[in-house]
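Sequence unavailable; structure follows:
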């Protein structure tokens, strides 16, 4: 398949999402024809839900963040959400605050936007500093409380007067907020290297959409007018982008945001491992030994260390026979390199395999492996945060049924015989961090001619021009290799990736490609 055709195929889901998003916005517009307060309530409810989700994730994961951007943003959005709830209840026509006019809702809107903008400026400025989350919460809460007291005691400037509409204070505030949002965008650009491309783009576009939204809020003369409606529709778009950039990324790909800087800092330690090279060669060969063939499937695999000094790494892959015409598919990545990473890799790999024979449920195997991995890391007491990402699947070689669970690992890619390509669903927490973590199980199906590709994040982190390779370009490359069978696929894909890699590997790479069918005789 030509490369451009493959890229077009990958872009189709984006077009589908745009169509679905436009349909949702059109549906919201139709609700305004019935009741503008219903439309307004739904629009504000969506942003409140996203704000609450960002706060819950940021607060509960705060001890793992090296980059405090999400924490700073999440804490502030908690207070923004509360103000927006009050703003919704104060809207003209609901009569929740009967002694107030539409001025109250407009004042609360300005308070919410000031708090949100302040957070977007503070986050990139504080993200590299030692941050006491509790004090940050108290400080932002104090500011929030003071502003609400000023609003409800009448000391806050008027923002909307029934006789004349928007006040000069309201309009000037919106313009100042827009200017400060541009400052926040510039600060985000300054810190862009701390984020994966998809996260940076989502946040940056969300800020730009918010600026346009705020400009619309300077034009309306009635809280039920078209400019007001347009501003709320764009606000929904902005918070959807924040959801995609933060909430979905942390839940589906925690390695991209939560532990990104932790993994980047580990690369600086690789020079210390040269003296371990002789031990590394023997140990790695023993740990990564793979069978030559298995009944019912054909497969290929690959492992490449990022540097000669890092011959013992944390990436692993395995494939093994299970009862009832099934095979186990396992791939994972341990934080760090060297003998300690190899030891943790051996623990995680062998633990999953032991529980795989005891209970063929992938989710149950990862659930038990998480507890064993946590005990292993706590007993070592290295003082660093060690974790394991892993994908474990059980493939029925007769029916093609694939049951799998993913512990914070990059999603597998399924290439159909027809040329259709999609990422496997699902995502659960990494191993070795949260004792109460729960692991979900998902299903898919392989048909004859289909190919399943599993890989570690060293593949998508390869530098491509000025950016990392990323999932979208990887999907395009997989599609362009549509005629390559599973045994040769990892080597062929790696060769294509390295044709475009400017600086070699920044992390170890492991791959496993599997198709149904009997292996060819040797």
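Perfect, thanks for sending it. Just so we're clear, the structure is a prediction, and the values are computed from it rather than from any experiment.

Can you list the buried residues in the helix or strand hosting residue 119?
Here residue 119, judged by DSSP states H and E, is contained in helix 102-126. For helix 102-126, burial by neighbour count (16 or more other CB atoms under 10 Å) applies to 102-124. The C-beta positions use only the backbone N, C-alpha and C, and glycine is treated the same way.

can you check stretch 412-425 too?
In stretch 412-425, counting by 16+ other CB under 10 Å, buried: 412-415, 421, 424.

pLDDT of it, averaged?
Mean per-residue pLDDT for stretch 412-425: 92.

Distance from that stretch to the middle of the chain?
20 Å (CA atoms, centre = their mean, to the nearest Å).

What are the contacting residues of that stretch?
1, 6, 9-10, 391, 393, 404, 406, 411, 442, 444, 446-455, 471, 474-475, 478-479, 482 (CB atoms under 8 Å, 6 or more residues apart in numbering).

Which among those residues count as buried?
Among the contacts of stretch 412-425, those classed as buried by 16+ other CB under 10 Å are 6, 9-10, 391, 393, 404, 406, 411, 442, 444, 446, 450-455, 471, 474-475, 478-479, 482.

Just the ones of those in strands?
If you go by DSSP state E, the buried ones among the contacts of stretch 412-425 have 391, 393, 404, 406, 442, 444, 451-455 in strands.

which one of those is nearest residue 199?
Each of these was scored against residue 199 by CB to CB, and residue 406 proved nearest at 19.1 Å.

residues touching the closest one, list them.
Applying CB under 8 Å, 6+ apart to residue 406 gives the contacts 390-391, 412, 424, 426-428, 442.

give me that answer again for 7 Å
Shown in contact with residue 406 (CB atoms under 7 Å, 6 or more residues apart in numbering): 391, 426-428.

try residue 29
So residue 29 contacts nothing (CB under 7 Å, 6+ apart).

Count the neighbours of residue 174 for me.
24 (other CB atoms under 10 Å).

That one and residue 220 touch, don't they?
No: taking CB atoms under 7 Å as the definition, residue 174 is not a contact partner of residue 220, at 10.9 Å.

Residue 316: which element?
Assigned by DSSP H and E, residue 316 falls in strand 315-322.

quick one: the helices in the stretch 401-522 of the chain?
Remark: helices assigned in the stretch 401-522 of the chain by DSSP state H, counting those that start in this stretch are 457-460, 470-480, 489-500.

what sits up against the last one?
Just to be clear, that refers to helix 489-500. Contacts of helix 489-500 (CB under 7 Å, 6+ apart): 300-302, 304, 451, 453, 459, 462, 464, 469, 477-478, 481, 484, 509, 511, 513.

Check what pLDDT residue 102 gets.
pLDDT, residue 102: 83.

related to what we said a few turns ago, mind checking the helices of the stretch 401-522 of the chain for the one nearest to residue 36?
From these, taking CB to CB, the stretch that ends up closest is helix 470-480, at 39.1 Å.

and the closest one with strand 451-455, angle?
150 degrees (axes from the mean of the first three to the mean of the last three CA atoms, to 10 degrees).

Show me what helix 470-480 is packed against.
Here helix 470-480 touches helix 3-34, strand 413-415, strand 421-423, helix 457-460, helix 489-500, going by 3 or more CB pairs under 7 Å, 6 or more residues apart in numbering; DSSP states H and E.
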